[in-house]
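Q: Generate coordinates for the sequence data below:
(2 chains)
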Amino acid sequence: MITPDLIASHQLSQEEYEKIVSILGREPTYTELGIFSVMWSEHCSYKSSRVHLKKLPTRGKLVVQGPGENAGIIDIGGGYAIAFKIESHNHPSFIEPFQGAATGVGGILRDIFTMGARPIAAMDSLRFGPLDDPENGARNRRILEGVVSGIAHYGNCFGVPTVGGECIFERCYNGNPLVNAFALGVFRKDEIFYGRARGIGNPVIYVGAKTGRDGIHGASMASAEFSEESSQKRPNVQVGDPFMEKLLLEACLEAMQTGAIVGIQDMGAAGLTCSTCEMGSRAGTGIEINLELVPQRETGMTPYEIMLSESQERMLLVAEKGREEEVFRIFKKWGLDAVTIGTVTDDGMLRVKDRGQVVAEIPNRALADEAPVYERPHTTPLRTAPMEAPEFRSRGLAEDLSALLASGDICSKRWIWEQYDYMVQTNTVQGPGGDAAVVRIKDTDISVAMSLDGNGRYTYLSPREGAKLAVAECCRNLAAVGAEPVAATNCLNFGNPERPEIMAQLVEAIEGMADACRHFDTPITGGNVSLYNETLGEAIYPTPVLGVVGLMKTAAPVTIDFKRPGRAVILLGGLGECDAIRFGGTQYAKVVLGSLWGLPPALDMDYEKRVQAAVRQIVAEGIAESAHDLSDGGLAVALAESCFGPAGVGAALELDSDLRPEFLLFHEGPSRVLISTSRPEEALRIAAEHGIEAVQAGTTIEGRLRIINRGETLLDLDIAPLRQAWEGALETRLRG
Amino acid sequence: MKFGVVVFPGSNCDHDAWYAIARNLGQPAEFLWHESASLGGCDAVILPGGFSYGDYLRGGAIAKFSPIMGAVKKFARDGGLVLGICNGFQILTEAGLLPGALTRNRGLKFICRPVGLRLETTASPFTSAGRKGQVLTMPIAHNEGCYQADERTIAQLEDEDRIVFRYTHNPNGSMHDIAGILNEGRNVLGMMPHPERACDPLMGSTDGLVVLQSMAAALTGSRT
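A: Take a look at the predicted model:
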């Protein structure tokens, strides 16, 4: 009996329920109600964001597969392609940090290898509340430690290198940490597999781990705000087994080689439900399955539980009829279950039987493609920060720099990334700690560069500009290692879209991102939307995270640190512009002044693109010995980070600027990259050819960091204590 | 000359070892499935890094029971060259081919980083191409690399010149800074650092080739 309470507890509205009744022409069964509720959840259906996501560019000359499949695919040349995507696992990671993060990694890896690609790199974009938060510090530290060990546990055992990422701290993430996991895989271009249930009469085969009661309604949980009772949802979080996933990877890739597999999809959010109806819907076919055949690790599971379980490390595949044995043999070799649980039919229905009795019968299309779509009202983006800048004056530029280097967002994240195996597979040309990570593709001369970036403060001050800046920064990170950006994936982390001022943040951020992705030729090939990131009515900053992927010729890496004294230091792009309003989103405003106001830095996308082209050419031609883009903390922080290499080489800059010292040193205007070179004339010539400013700022020296502006010494410091502040900060804070 | 790389379920450095031998060293290499009872005529065997059998129970504790380990033991007893890297080292200690045990790192965390290794002896088929006292750079990537043994065993290892590599900066709490040891016959080496990750200039170091080149030389020598 379906009661209004039962409907509400499935997070379906009365209108949605009526739509279900009209689709079925009758009342749904309890199992059907469960199936609709997960497929029509925000997490699976994108019902609030869908109309706006259409604004994003998705096509490009290298795009083989855009959004709608398990991952996007790009042609990288030489007969190879890469598949990549980013996905959120925010809600589970808050409830159970270790397993939440671990299964986030597991899920995104399956999205990649379900297409036939071997995962060769992973990255993670993390956001937590401050570790020294007076009220929540202890919990934030526990969440960070849990998330990092969860990622390490899964990625290390699976054998994928975690090559980079970001980690940011803000009070707004106190009750809603963000864990966005990215993965990238490589395969031959002619060996791509899709999640399509083709061929009437073909067997539907279940492979991998057995089904248990874990993770039931995970997708719905991820589509609601948190309350004080959320910790009681712990049983909704799945438990991961990376060893099982490693076996599943090897078995799937080997089985794909037989030619007997027609289509394949992983069981992620909404498990068996989602994989069956999506595979059927994409192929325009029906699927009939028998639940008593599903391998189960618990007894007495109801059809409802089996269909909604989010047990990990499972895949659904459709094989060519008559060739099942070839598939079974391989899974047996790897010690995995592989069972035919149903067949592909011609009626377009998802028919679920339990010991002969039909317990659910729903058109695949209604579940996968006909979820309600909302044009939610949106007004002006939420912001309470003032536009006007407060009065302020530095109490000491050296102390400011030290404080910035030791701050959560800027300090070294070595403590985190040393727990990740970032070298396994021996492709990591540039690992964590640089502007972008670079992995080579073996047996080719191609390398893939990748970077994750997002800045919640900027996006909060202006969703449109903040999103553009994130795209620009990602692309600049790639330019700094010599790579050409070719495509992107996005993870949109926002609050409750039913609030018009939050919806407005989402709409404007998407539009800004669309604009920038068009400008930088980085079509979005897939991604994920995570809404309802609110606890007790308090939303996170709007946090779109970009993952941009680029290509380059394999070469020795150009890293951020200065290598030798006596080299010219050049600031490509120039010293930039800043005023008091545009200074309000900087790390200086956050760390030194404890404030947020105004607008994010101004971005001129045409200029940015020219700067990137120049940097890319200078790095790719081997002219730069080091290259580091300016971002958080501006010029002074970028310069300090360039001084923290093993060689202990610093720099002395002599500038000529009329900006006030705080702005000159710490403003975060984009379109700037700091390089050191023994061939300054060539760098300057290339800069001129691209029509960009290039300031010959000074030279590298032994052991000191010095910045002089128009004869006035702003900073003159020994590198060692700066490095100490930068390196030890995270661990110190973790000790509480 | 043919190298065999054992593939246990959960091995994840097997391809890396194969690549280092086949591409960087330029010698024939093939994979050996854990269920096989034969080494297929290989002249040297590598037990690669990873998480064999998920490292359930303890690192290497289940792998020692797999059929291939019977063949590996016999091969080792007959003087064949066996190199265990990381999880492979753990398997060798669990299987009794090397003394001691590898326990949780001192800091209780997984550590991935390049480390300095002092080459302590060239009197082995794994290090003859190196120089005694030379400091090599190779990465470590492990959670359980803290080498421990009773005092007598440690003294024996020291006295018999069986400590091949010592960390220059001990990352995991290993006794006597031990990073790699030989068996009594000097034909079995277990080491926590990954030589196969240091065989290509693009990976930042080619010092791992010292180990592989020494093995190749030993195999060539034994043939002539």
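Q: going forward, measure contacts between C-alpha atoms and count neighbours the same way
A: Will do.
Q: Chain A contacts on chain B?
A: B:9-10, B:12-13, B:15-16, B:50-51, B:53-54, B:109-113, B:141, B:197, B:201-204 (CA under 8 Å from any CA of the partner chain).
Q: Which members of these are classed as buried?
A: B:9-10, B:12-13, B:15-16, B:50-51, B:53-54, B:109-113, B:141, B:197, B:202-204 (16 or more other CA atoms under 10 Å in any protein chain shown).
Q: Among those residues, name the ones in strands.
A: B:Ile111, B:Cys112, B:Arg113, B:Ala141 (DSSP state E).
Q: Format those residues as a markdown table; extra columns: pLDDT.
A: As requested, those are arranged in a markdown table below (pLDDT from 0 to 100):
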| residue | pLDDT |
| --- | --- |
| B:Ile111 | 98 |
| B:Cys112 | 98 |
| B:Arg113 | 98 |
| B:Ala141 | 98 |
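Q: burial count for the nearest residue to A:Arg118 once chain neighbours are set aside?
A: Residue nearest to A:Arg118 in three dimensions, not counting chain neighbours: A:Gly185, with 4.9 Å by CA to CA, 6 or more residues apart in numbering or on different chains. Residues near A:Gly185, counting by other CA atoms under 10 Å in any protein chain shown, number 24.
Q: Check the gap between A:Gly185 and chain B for me.
A: Between A:Gly185 and chain B the computed distance is 16 Å (CA to the nearest CA, to the nearest Å).
Q: Assign that residue to helix, strand or coil.
A: Following DSSP: H, G, I helix; E, B strand; the rest coil, we place A:Gly185 in the strand state.
Q: my read: it touches A:Ala121, true?
A: Yes - shown here, A:Gly185 and A:Ala121 form a contact pair, counting by CA atoms under 8 Å, at 6.8 Å.
Q: and the stretch 451-600 of chain A, which residues reach chain B?
A: Counting by CA under 8 Å from any CA, the residues of the stretch 451-600 of chain A that sit close to chain B are A:Ala555, A:Ala556, A:Pro557.
Q: and A:Ser412, what is it in contact with?
A: A:Gly433, A:Trp726, A:Glu727, A:Gly728, A:Ala729, A:Leu730 (CA atoms under 8 Å, 6 or more residues apart in numbering or on different chains).
Q: Show me which of these is closest to A:Phe169.
A: Closest approach between the contacts of A:Ser412 and A:Phe169, by CA to CA: A:Leu730, at 11.2 Å.
Q: Help me confirm that the closest one comes into contact with A:Trp417.
A: No - with contact defined as CA under 8 Å, A:Leu730 and A:Trp417 do not form a contacting pair (12.0 Å).
Q: Can you report how many residues lie near A:Asp133?
A: 16.
Q: Can you give me the distance of it to A:Glu325?
A: 58 Å (CA to CA, to the nearest Å).
Q: OK, contacts around B:Cys112?
A: A:Glu418, A:Gln419, A:Tyr420, A:Asp421, A:Tyr422, B:Pro139, B:Ile140, B:Ala141, B:His142.
Q: Now with 7 Å, please.
A: A:Glu418, A:Gln419, A:Tyr420, A:Asp421, B:Pro139, B:Ile140, B:Ala141, B:His142 (CA atoms under 7 Å, 6 or more residues apart in numbering or on different chains).
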